[in-house]
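Trainee: All I have is the shape, not the residue letters:
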């Protein structure tokens, strides 16, 4: 067996055979990780046979690492050079991208506990893996409680870590409060808010753990019949109808409260009473709506 | 962090492995975690084994010398590959030697390829004259399923592909979308994304709710096993009504809900105050009762949750 050697090669000498588009956020994480703990694996390249352009290597694997290096202002990157035909390079690149295994959040805990088992404290572990000590403490706390769903959401950038911790230790009612707080502090808005609400709903309904296997679907699929299509459609339609109804109820309830409080505030005695009891400062939203003098 | 990414202030990036690889007896490599029983019977595992048979290991496993017994190495990354090599009867493997003993970072930075991205990579390789047979063998699938992967986006309009390109959306969903005309495909992709439901059955339900005129072949009448024409027509009408309603509330509902939570907190304070509650009880008893009801509510639809 010939021993492989890592060589440092110039990035502009590498040609991408089969570029893939990637998720921006994931990419920023790779960049940060490399900046903090260094490059963990060399890329793999193969010498070019043809000289149609000036590049002297074909990339086999490591597009993300090269892009991260470029962003970090590097012009060279450590690489393992292998001798392979272009077609083999393309197949290797496919295999690396398609035949990879998904890791579950729980694997990360295992990796952290292994390090703890070797006697490192959270600070040392944080330095090793290139994150803050708070991250190690909080993510372990979540995983120990079996909050796979929340950890996965944190990993996907959906939820700030400290909010996941809040959710994990709160009752369902308090979770609403935590959400509300995040909303008023402008930490959670728009599409993310919708997504987090959905996540919390699913966690409440189906539990903290995720049940999907990391090795893809197992067992056979049931054939689709007219009835099963209608059933799925019904479920989805009912879910959506319920959502529409909830939205209507929520809106009319808000409208009612705004109208009621507006009427009450016009009653001078009541307004004075509120002032005397220091209850006259209403949530900003209420103030605005009452002042607006129009329906929602 | 951003200052470190600034090319002007770039420092050399640390290399966290030795420049020389080592050839080690597989017996001297200690896995740091157990592989679950289900892993070895999975398609992913067979795929890894098949790719090793076809083209060998692409990237070397990562190890670090054991601090107590220098004849042993701890395996940091490549558990399934080492297992596959052992199954293939290999005695030795070339490994990369890490300079730190953590395994966390290797696991963390893996991004899953969506079917659309996978299709693009495979199509590109075929375009460059790699034989389908070779690709199929390396990925441990048969040539027919490979061809299916390659043709995944045939008949799907670019806008729908754009919407679904980074979604883990099963291949069979694209077969369903193909039966719709381009505009309906875009609509359907939006429904799937909005409901965050990429199941084939949901896609089929959308197909069932698609008017004849919006099918790819508008002339051939739509047929669905076990469904009457009336049932289909009813679904079409209902689906389009629902979709309108949903898209109009989706954004506002989240905000309204949070506002209501805030307002409920204020109402609770009001009615918890004896003087306020007494005043309301005397002059606005109906309002007091409503306020109490709202403040106590934990769900938006108490009657249905009860």
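Mentor: Nice, thanks for sending it over. Computed from a predicted structure; not experimentally measured. Numbering: from 1, shown residues only, chains lettered A, B, ... in the order given.
Trainee: model confidence over the helix or strand containing residue A:35, on average?
Mentor: Under the criterion of DSSP states H and E, residue A:35 resides in helix A:24-37. Averaging pLDDT along helix A:24-37 yields 84.
Trainee: Mind checking if it is in reach of chain B?
Mentor: Yes. Judged by CB under 8 Å from any CB of the partner chain, helix A:24-37 and chain B are in contact via A:26, A:29-35, A:37. Any C-beta I mention is one placed from the backbone N, CA and C, and that applies to glycine too.
Trainee: Beyond that helix, next helix or strand please.
Mentor: Next element after helix A:24-37 (DSSP H and E): strand A:43-47.
Trainee: what distance separates that next one from the middle of the whole chain?
Mentor: Relative to its parent chain, strand A:43-47 has a centroid offset of 31 Å by CA atoms, centre = their mean, to the nearest Å.
Trainee: what packs against the helix or strand where residue A:94 lies?
Mentor: Assessed by DSSP H and E, residue A:94 sits inside helix A:86-98. Under the contact definition 3 or more CB pairs under 8 Å, 6 or more residues apart in numbering or on different chains; DSSP states H and E, helix A:86-98 sits against strand A:43-47, strand A:57-61, helix B:43-55, helix B:115-127, helix B:132-139.
Trainee: got the buried residues for the last one?
Mentor: Within helix B:132-139, the residues scored as buried using 16 or more other CB atoms under 10 Å in any protein chain shown are B:134-139.
Trainee: And the strands in the chain, which stretches?
Mentor: Looking at chain A here, since you left the chain open. Using DSSP state E, the strands found in chain A span residues A:6-10, A:14-15, A:43-47, A:57-61, A:76-81.
Trainee: my bad, chain B
Mentor: Under DSSP E, chain B gives strands at B:22-25, B:29-31, B:62-65, B:73-77, B:92-97.
Trainee: closest one to residue A:252 among the ones you listed?
Mentor: strand B:73-77 (56.3 Å; CB to CB).
Trainee: for the closest one, which positions count as buried?
Mentor: B:73-77.
Trainee: what does that strand rub up against?
Mentor: The contact list for strand B:73-77 (CB atoms under 8 Å, 6 or more residues apart in numbering or on different chains) reads A:41, B:24, B:28-32, B:61-66, B:82, B:95, B:98, B:101-103, B:106-107.
Trainee: buried subset of these?
Mentor: A:41, B:24, B:29, B:32, B:61-65, B:82, B:95, B:98, B:101-103, B:106-107.
Trainee: I'd like the distance between residue B:176 and chain A.
Mentor: Distance from residue B:176 to chain A, counting by CB to the nearest CB, to the nearest Å: 10 Å.
Trainee: Next one, pLDDT for that residue please.
Mentor: 93.
Trainee: how about the residue most central in space within chain A, phi and psi?
Mentor: For chain A, residue A:156 is the residue whose C-alpha lies nearest the centre (CA atoms, centre = their mean; 1.2 Å). Backbone torsions for residue A:156, taken as degrees, to the nearest 10, come to phi -80, psi 0.
Trainee: And it, how far from residue B:199?
Mentor: The gap separating residue A:156 from residue B:199 is 20 Å, by CB to CB, to the nearest Å.
Trainee: got it, and residue B:119?
Mentor: 20 Å.
Trainee: From the neighbour counts alone, determine which of the two ranks first.
Mentor: Neighbour totals were compared for residue B:119 and residue B:199, and residue B:119 leads with 22 against 16 (other CB atoms under 10 Å in any protein chain shown).
Trainee: looking at it, the more buried one is touching residue B:150, isn't it?
Mentor: Yes. The criterion here is CB atoms under 8 Å, and residue B:119 meets it with residue B:150 at 6.7 Å.
Trainee: Can you say which of the helices and strands packed on helix A:86-98 is nearest to residue A:118?
Mentor: helix B:43-55 (27.8 Å).
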